[in-house]
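*Asks:* What shape does this take:
(2 chains)
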Amino acid sequence: MIYLPIAEVSVNAFTLIGVGGGVGLLSGMFGVGGGFLITPLLFFIGIPPAVAVATGANQVVASSISGVLAHFRRKTVDLKMGTVLLIGGLIGSSVGIVLFRWLSAIGQIDLAVQLSYVLFLGVVGALMLQESLRAWYRTKKPGAPRRKLHQHTWVHALPLKMKFRVSGLYISVIPPVLVGMSVGILSAVMGVGGGFIMVPAMIYLLGMPTKVVVGTSLYQIIFTTAYTTVAHAMTSHSVDVLLALFLILGGVVGAQFGTQIGMRLKAEQLRILLALLVLAVCIKVGLDLLVRPDELYSLRSLRGF
Amino acid sequence: MRLMRTRLAAVLGVALAVGAPLPGTADEIVGALSQSRVALTANFAGSEILIFGAIVPTDDTGTATLTDETMTEEAHGGPDLGPLTGADVTPQNPVTVAQDTAPASNPDATLDVGTDVIVVIEGPREPVAVWRKERRAGIWVNVESVTLPSVPSFYAVAATAPLNEILSPEADAQYRISIGQAIQADRALDGPDQALLFAEALVRIRERGREFQALERHVRLDRGVLFRTSVQLPANLTEGAYTTRMFLVRDGEVINQFRTAIFVQKDGLEQWLHWLATNYSFLYGLLALAIALVAGWGASALFRLVRNS
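*Replies:* Residues are numbered from 1 along each chain as shown, chains lettered A, B, ... in the order given. Next up, the predicted model:
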């Protein structure tokens, strides 16, 4: 048992390392920070929501650094694209921090977090599953027509075009900045890195090759979540370093194993698995909203407001 | 147990000293705690506090009727105060117990009918919002809230019997002893009319979390003189002074009360981190990032080393 100085609860250290390790494994495999799993898991073991969200962001920093280094060595990070996404991300994160405090004050933060989980995870998971199943089906029939290298959509008609050599793209910077912004907001409100939104958005919206998506997403997430961590530490004093330390210990090790597993799987298989995982979390959170809760009342300490 | 008895003897000594020079006053209650400081360190997992003390009878001339011999008897030869369980506490009629075992050398000890003791431990107060969920458009959402301006973060009330049997509602309201009084529901802010429902929900949730404890028949009173009880402080303690009040109750009225406090403080690393997080939040945020950076890079480097060797 370990007493956490900011959360002011006592929890089992091995539980924390286990949670960190399991999430880290998935993080390395799929290139998602794992925040969308770790935040609900922390709620479940009794960490106050504000602390869980802020500390979750800190944990994502560590697991993303651990993961991105492996991708740097394989040169699968598009730094230019990452930086453009990051600019959007920082703007979004600032908006999200303000939103988080406002929603906490009016007592609707839980609902907002749950609804965004259901909405984003549901849509993203369903789209990803449908697409990856189709792609997987195609690879089984060698005679089927291959996907075109360049699919021109409305994205390509926007101004401010820029060359992204690693990704092999020549597109406007507006879509990546917008993607970064929306992910930044989610990062602050939900305590997630936003990889589960970022990865599909990069593949389907920006048309980036799957190979560089994971590394680039991790690279960008490091900075967004680092910013979110410091911002939460300064506005709500809700980052618990001791909690983060234990999650990170498990997380970094898990992420290394995850990266190894990820390299052995085919891209399509990886996407099917990620889609199923995302949908599973979505259904779990959604059921909590639909089923009548055992306790209709809830308490919120107003210390610090 | 030996420590306990030594402490009891010490308490009685103090009781006699305090009780003697106050002529004309009624009986007094004097108590002590097994510990007055609780340090929240990294391995803190809750703490049991023993609360014990004595009722010092004083007659009209102000002389304490307890003699030194009695004290010695109580402290060293008294009944073994075994571990407290709900079953072996017999508080309904402490007088019978007292008369049966009262030393013959002290026949005129004045032990009043219906002597009861209530012990209250109260954590730092804070405002709490209670929210109620309702089904709107198919999903359960928070719709209404009541804010109670001053709710103890921890509250334990232990007594020799159920509170409603030993304490008049007036006395309860005056001293705010029962949990219902302690949460000060009557001071609810901006709440709807059914604030009572919200207050009940608050008590229900806190009792489930062991943050509120109603410990009926949990104070053991021996010979109407010595009392003791134990309260389990949970692992999720808030920092601050935990006021401890002990009430001597007779015929529904509070005769005398004794106040002391338990100081709960973060210690060592926890204290330093909390201080840093509150006073130097930017540095603290950077520290959190530094840990993440070192751990993330370290694990990556370590794994590469292992794979290459």
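*Asks:* Going by C-alpha atoms from here, please, whenever you check contacts or count neighbours.
*Replies:* OK.
*Asks:* Next, B:A45: phi, psi?
*Replies:* In terms of degrees, to the nearest 10, the main-chain angles of B:A45 are phi -140, psi 40.
*Asks:* now do the one 10 residues further on
*Replies:* The phi/psi pair for B:I55 (degrees, to the nearest 10) reads phi -100, psi 130.
*Asks:* how close does it get to A:V23?
*Replies:* 58 Å (Cα to Cα, to the nearest Å).
*Asks:* Check A:L265 too.
*Replies:* Separation of A:L265 from A:V23 (Cα to Cα) stands at 18 Å.
*Asks:* Run a quick neighbour tally on B:R136.
*Replies:* Counted with other Cα atoms under 10 Å in any protein chain shown, residues neighbouring B:R136 total 10.
*Asks:* where does it land on pLDDT?
*Replies:* Looking at B:R136, its pLDDT is 84.
*Asks:* Chain B contacts on the stretch 101-250 of chain A?
*Replies:* A:107-108, A:111, A:226, A:229-231, A:233-234, A:237, A:239, A:241, A:244-245, A:248-249 (Cα under 8 Å from any Cα of the partner chain).
*Asks:* need the strands for the stretch 51-200 of chain B, in chain order.
*Replies:* B:115-122, B:125-136, B:139-152, B:155-159 (DSSP state E, counting those that start in this stretch).
*Asks:* Output the shortest one as PDB, restricted to C-alpha atoms.
*Replies:* Listed next in PDB are the C-alpha coordinates belonging to strand B:155-159 (Å, rounded to 0.1, in the frame of the first residue of the first chain):
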ATOM      1  CA  TYR B 155     -16.700  11.900  11.400                       C
ATOM      2  CA  ALA B 156     -16.900   9.200  14.000                       C
ATOM      3  CA  VAL B 157     -19.300   9.200  16.900                       C
ATOM      4  CA  ALA B 158     -18.900   6.400  19.400                       C
ATOM      5  CA  ALA B 159     -21.200   6.000  22.400                       C
END
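*Asks:* Quick check, A:K161 in contact with A:I171.
*Replies:* Yes: at 4.9 Å, A:K161 counts as touching A:I171 under the criterion of Cα atoms under 8 Å.
*Asks:* Neighbour count for the two, which is higher?
*Replies:* The neighbour comparison of A:K161 against A:I171 (other Cα under 10 Å) goes to A:I171, with 20 against 14.
*Asks:* Please report phi then psi for the more buried one.
*Replies:* phi -130, psi 170.
*Asks:* if we can go back for a sec, of all the strands of the stretch 51-200 of chain B, which one comes closest to B:S36?
*Replies:* Evaluated with Cα to Cα, those place strand B:115-122 nearest to B:S36, the distance being 12.0 Å.
*Asks:* What helices and strands are in contact with that closest one?
*Replies:* strand B:155-159, strand B:240-250 (3 or more Cα pairs under 8 Å, 6 or more residues apart in numbering or on different chains; DSSP states H and E).
*Asks:* doesn't A:R271 make contact with A:M128?
*Replies:* Yes: counting by Cα under 8 Å, A:R271 is a contact partner of A:M128 at 6.9 Å.
*Asks:* CA-only coordinates of the strand or helix carrying A:L270, as PDB, when you get a sec.
*Replies:* Take DSSP states H and E as the rule and A:L270 turns out to sit in helix A:267-290. Coordinates of each C-alpha in helix A:267-290 appear next as PDB, following Å, rounded to 0.1, in the frame of the first residue of the first chain:
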ATOM      1  CA  ALA A 267      -0.800  -3.200 -40.300                       C
ATOM      2  CA  GLU A 268      -4.400  -4.400 -41.100                       C
ATOM      3  CA  GLN A 269      -4.400  -6.900 -38.200                       C
ATOM      4  CA  LEU A 270      -3.100  -4.100 -35.900                       C
ATOM      5  CA  ARG A 271      -5.900  -1.800 -37.000                       C
ATOM      6  CA  ILE A 272      -8.600  -4.400 -36.500                       C
ATOM      7  CA  LEU A 273      -7.400  -5.100 -32.900                       C
ATOM      8  CA  LEU A 274      -7.200  -1.400 -32.100                       C
ATOM      9  CA  ALA A 275     -10.700  -0.900 -33.500                       C
ATOM     10  CA  LEU A 276     -12.100  -3.700 -31.300                       C
ATOM     11  CA  LEU A 277     -10.400  -2.300 -28.200                       C
ATOM     12  CA  VAL A 278     -11.700   1.200 -28.900                       C
ATOM     13  CA  LEU A 279     -15.200  -0.200 -29.400                       C
ATOM     14  CA  ALA A 280     -15.000  -2.300 -26.200                       C
ATOM     15  CA  VAL A 281     -14.200   0.800 -24.100                       C
ATOM     16  CA  CYS A 282     -16.900   2.700 -25.800                       C
ATOM     17  CA  ILE A 283     -19.600   0.100 -25.100                       C
ATOM     18  CA  LYS A 284     -18.500  -0.200 -21.400                       C
ATOM     19  CA  VAL A 285     -18.700   3.600 -20.900                       C
ATOM     20  CA  GLY A 286     -21.900   3.800 -22.800                       C
ATOM     21  CA  LEU A 287     -23.600   1.200 -20.700                       C
ATOM     22  CA  ASP A 288     -22.700   3.100 -17.600                       C
ATOM     23  CA  LEU A 289     -24.700   6.000 -18.900                       C
ATOM     24  CA  LEU A 290     -27.800   4.000 -20.000                       C
END
